[in-house]
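J.: Got a predicted model here, sequence first, then my questions.
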Amino acid sequence: MTKKIIIANWKMNPQTADEALRFVQGILAQRLPKNIELIIAPPFVYLDLLKKNCGKKIKLAAQNISWAERGAYTGEISGLMLKNLGCDYVIIGHSERRHIMGETEEIINLKLKAALKVGLTVILAIGEKEQNDDILKILSQQIKSALEGVNVSEISHLIIAYEPVWAIGTGLADTSDNALSAALLIRKIISRLYGQEWASDLPILYGGSVSENNAADFIAQNGINGALVGGASLELQSFIKIIKAAEKNE
Ligand code: 13P
């Protein structure tokens, strides 16, 4: 597996469709490296606009999904709606949804299964809250509960993003060595659950204060398959530099 995956998580930004469109046009004006899968996760309201303007070079991820299939769930967006819009991925388990919106592990598990059912690839975000937390215990717990009832044939539609909560939006990124250790731990946990073969194929990303200055360190690690970028993915020039950092691994 040589393709590196770079995901822009725009969170609740930008505030206008014009800005979203200009950003994407700015990226498309670049010569993009061939060895990357470039994914943008915009707010729901821009998905359709971006789908019509991204061509095949940029894939789209939703930032959330309903666990319900259809029906009387005011304010919710179903997996099938996302799929029909041309979305290929969905982020589930992001720390902001866990800790600000109060999503429980049970809800994350239901959402993950709803996404897999309609053929979306899940970007499952996991990570410890504090720097001195027991990461083996926390990551095992988060992975096991998120994947409860998910069988081995569905695992090929999974990406895991290791995002230590203390590193998100703080400017304090983890070191690439620590991120690699966490990725190895995640592979070990997946290997115990689903077998070695699936574990070695699983894409594992790092997220948390990834910037134009540190992206290359994470992306260059063999055991890390790319980056999930928040703040720096809203700055066109910074994000282009992050994308180009992946090119150096070509
Ligand atoms: P920052 O890159 O702003 O730290 O955000 C990371 C993140 O939450 C991506 O999902």
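T.: Looks like it came in fine.

J.: Am I right that Ser78 is in contact with Ile65?
T.: Yes: applying CB atoms under 8 Å, one finds Ser78 in contact with Ile65, separated by 7.4 Å. Every C-beta, even on glycine, is put in place using the N, C-alpha and C of the backbone.

J.: quick one: common contacting residues for the two?
T.: Shared contacts of Ser78 and Ile65, defined by CB atoms under 8 Å, 6 or more residues apart in numbering, comprise Ala114.

J.: what sits against Gly119?
T.: So Gly119 contacts Lys83, His157 (CB under 8 Å, 6+ apart).

J.: confidence score at it?
T.: Predicted confidence (pLDDT) for Gly119: 97.

J.: distance of it from Leu193?
T.: Distance from Gly119 to Leu193, counting by CB to CB, to the nearest Å: 22 Å.

J.: What are the neighbouring residues in contact with Leu82?
T.: Leu82 is in contact with Leu47, Ala62, Ile65, Val90, Val118, Leu120, counting by CB under 8 Å, 6+ apart.

J.: Contact residues of the protein facing the ligand?
T.: Proximity of the chain to the ligand (CB under 6 Å from any ligand atom) is limited to residues 9, 94, 163, 168-169, 207-210, 228-232.

J.: List of residues touching stretch 42-52?
T.: By CB under 8 Å, 6+ apart, stretch 42-52 touches 10-13, 17, 20-21, 24, 40, 58, 60, 62-64, 77, 82, 85-87.

J.: Next, the contact list for Glu105, please.
T.: Per CB under 8 Å, 6+ apart, neighbours of Glu105: Gln141, Gln142, Ser145, Ala146.

J.: close enough to count as contact, the third one and Ile107?
T.: No: here Ser145 lies out of contact with Ile107, judged by CB under 8 Å, at a distance of 10.4 Å.

J.: Can I get the buried ones among the contacts of stretch 42-52 as something I can paste into ChimeraX?
T.: Of the contacts of stretch 42-52, the buried ones go into a single ChimeraX selection, burial set by 16 or more other CB atoms under 10 Å:
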select :10,11,20,21,24,40,58,60,62,63,64,77,82,87
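
J.: Among the contacts of stretch 42-52, name the ones in helices.
T.: Using DSSP state H, the subset of the contacts of stretch 42-52 located in helices is Ala17, Ala20, Leu21, Val24, Leu82.

J.: Fine by me, we can end here.
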